[in-house]
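[1] My questions concern the predicted model and sequence given below.
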Amino acid sequence: MTKYAFFRGQIVPIEQAKISIMNHAFNYGTGCFEGIRAYWNEQEEQLYVFQMAPHYERLLRSCRLLMISLPYSVEKLGELTVELLRREGFREDAYVRPIAYKASEVIGVRLHNLEDDLAMFAVPFGKYIEKEEGADAAVSSWRRVDDNAVPARGKITGSYVNAAFSKTEAVLNGFDEAIVLTQDGHVSEGSAENFFLVRDGKLITPPVTENILEGITRTIIIQLAREDLGLTVEERPIDRTELYVADEAFFCGTGVQVAAIAHIDRRPVGTGKLGPVVKQIRDLYFAVVRGQVPKYKACCTPVYPK
Ligand code: PMP
């Protein structure tokens, strides 16, 4: 249960963190946000926030796109997060949601001449896709928002209508997740996760110019694959039909973590079971996020004093 929120400059009981129906971001989607996971390490009795600085660096980049200026540095945002999680006292995995938004209560679509604010709350959080062993994905009939319409590189609240269309279409059609194409028909990403496939032992993922969110998980998986697993990683456009000839495929993201894809458009991906490359990546990722790999311990910020 969530007890507190950071709201209008301070930590308050969650019941007091309320915005008006006149709020600009509520009316026009003029906010941007992050999703950050904190992992409970049972052995150390410690809660570790994973990749805090990269998330807040991205939040501030999203803010730049939306012309939101916050009076907080990356470091300060990290301190606020630790303080909020400490107050919650979670002894389980959790998810932190900071959201920067246009707070003015006025009619008028624009980015300029508006007040900005930041809110933050945290919830206990487990798995995101239930079938982590192998999700059933479908190519969406919806296309990804384009950089010249709503930039996907910013984690902008309004653009999540696009994600919602594709996710709901997939689920109503009996799938777990959508694979969304760009306007010119290349693979972009999932509804709220980045996408990788494996061909001949090589990892392939769309480049940041394919209207993807520049995922924090994507970045670390590229690093783990190259430096720790000795894999070749290519960032290049992916054709739709490469989905049908891939050996393995997976989604990755803070929420979904590393989720193997068993079928795409009802066709088995490789054997249709969790493959060896995805398994290797997934196992290493889960050890890294819980602070169990010395090389990556610095990516894990402890919440509780020891
Ligand atoms: N793409 C989209 C559209 C997302 O919403 C997310 C989740 N934040 C991701 C990719 C994965 O990004 P990250 O690894 O930074 O969580």
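    Happy to help now that I have it.
[2] use CA for all of it now, contacts and neighbours both
    Noted.
[3] and the gap between the residue lying closest to Tyr56 once chain neighbours are set aside and Pro13?
    Nearest non-adjacent residue to Tyr56, counting by CA to CA, 6 or more residues apart in numbering: Val74, 5.4 Å away. Distance from Val74 to Pro13, counting by CA to CA, to the nearest Å: 24 Å.
[4] Is any residue of stretch 175-195 near the ligand?
    Yes - Stretch 175-195 lies within reach of the ligand by CA under 6 Å from any ligand atom, at Ser191, Ala192, Glu193, Asn194.
[5] Quick one: check stretch 39-52 for contact with the ligand.
    No - applying CA under 6 Å from any ligand atom, one finds stretch 39-52 separated from the ligand by no less than 9.3 Å.
[6] Report the rounded mean pLDDT for that stretch.
    Mean pLDDT, stretch 39-52: 97.
[7] residues near Ile107, how many?
    Ile107 is flanked by 11 other residues according to other CA atoms under 10 Å.
[8] scratch that, Ser20 is what I was asking about
    10.
[9] Lys202 too?
    15.
[10] wait, isn't it in contact with Glu234?
    Yes - between Lys202 and Glu234 there is a contact at 7.5 Å, judged by CA atoms under 8 Å.
[11] Could you name the helices and strands sitting against the helix or strand Val288 falls within?
    Using DSSP states H and E, Val288 sits within helix 276-289. Judged by 3 or more CA pairs under 8 Å, 6 or more residues apart in numbering; DSSP states H and E, helix 276-289 is in contact with strand 248-253, strand 257-264.
[12] That helix vs the ligand: in contact?
    No - judged by CA under 6 Å from any ligand atom, helix 276-289 stays clear of the ligand, getting no closer than 11.9 Å.
[13] Now do the helix or strand following that helix: everything it contacts.
    With elements assigned by DSSP H and E, the helix or strand that comes after helix 276-289 is strand 300-302. Contacts with strand 300-302, where a contact means CA atoms under 8 Å, 6 or more residues apart in numbering, come from Gln46, Leu47, Tyr48, Val49, Phe50, Gln51, Met52, Val289, Arg290, Gly291.
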